[in-house]
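Test case, fold it:
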Amino acid sequence: MPLLSDTTSTTVSIALVFISAMFFAYCLAAARRPHFPPGPKGLPIIGNILQMGDDHPELLFREWAKKFGKIVYVQILNQPMVILTDLEVARDLLDKRSSIYSDRPRFVLFSDL
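A predicted model of the protein is given here:
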């Protein structure tokens, strides 16, 4: 007498193939991830939300800055977040290079022509 019926073994086989395909797709997507600044590893989907504390996130950011550098990359619920932990780095990126990082299109007015 077999342990599993034919329909149960088929269902288990399909589930294993599906889980394997999802794992392979996740690994492939993680390998193609663009190069971001260093940061703590997060969990799939929820990212680093469990590492974020309720009180005094600046203390956690300071700890990450000591470990990963002045620019730290995290993901919170699949939303990318870049943490700038140094005033000079923040001024350089947000002031001096703002045109590079801005997604706003440049509007040319008739008076500018």
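
Can you tell me the closest non-neighbouring residue to the residue positioned nearest the centre of the chain?
Geometric centre of the chain, nearest residue: residue 75, 3.5 Å, by Cα atoms, centre = their mean. Closest residue to residue 75 apart from its sequence neighbours, by Cβ to Cβ, 6 or more residues apart in numbering: residue 47 at 3.4 Å. C-beta: built from backbone N, CA, C; applies to glycine.

got a list of what the residue nearest to the centre of the chain touches?
If you count contacts by Cβ atoms under 8 Å, 6 or more residues apart in numbering, residue 75 has them with 42, 47, 48, 81.

Can you verify my assumption that the third one contacts residue 60?
No - under the contact definition of Cβ atoms under 8 Å, residue 48 does not touch residue 60, with a separation of 9.8 Å.

hey, where'd the strands end up in this protein?
Ranges of strands within the chain are 71-76, 79-84, based on DSSP state E.

Looking at those strands, spot the one closest to residue 94.
strand 79-84 (7.7 Å; Cβ to Cβ).

In the closest one, which residues are buried?
By 16 or more other Cβ atoms under 10 Å, the buried positions in strand 79-84 come out as 83, 84.
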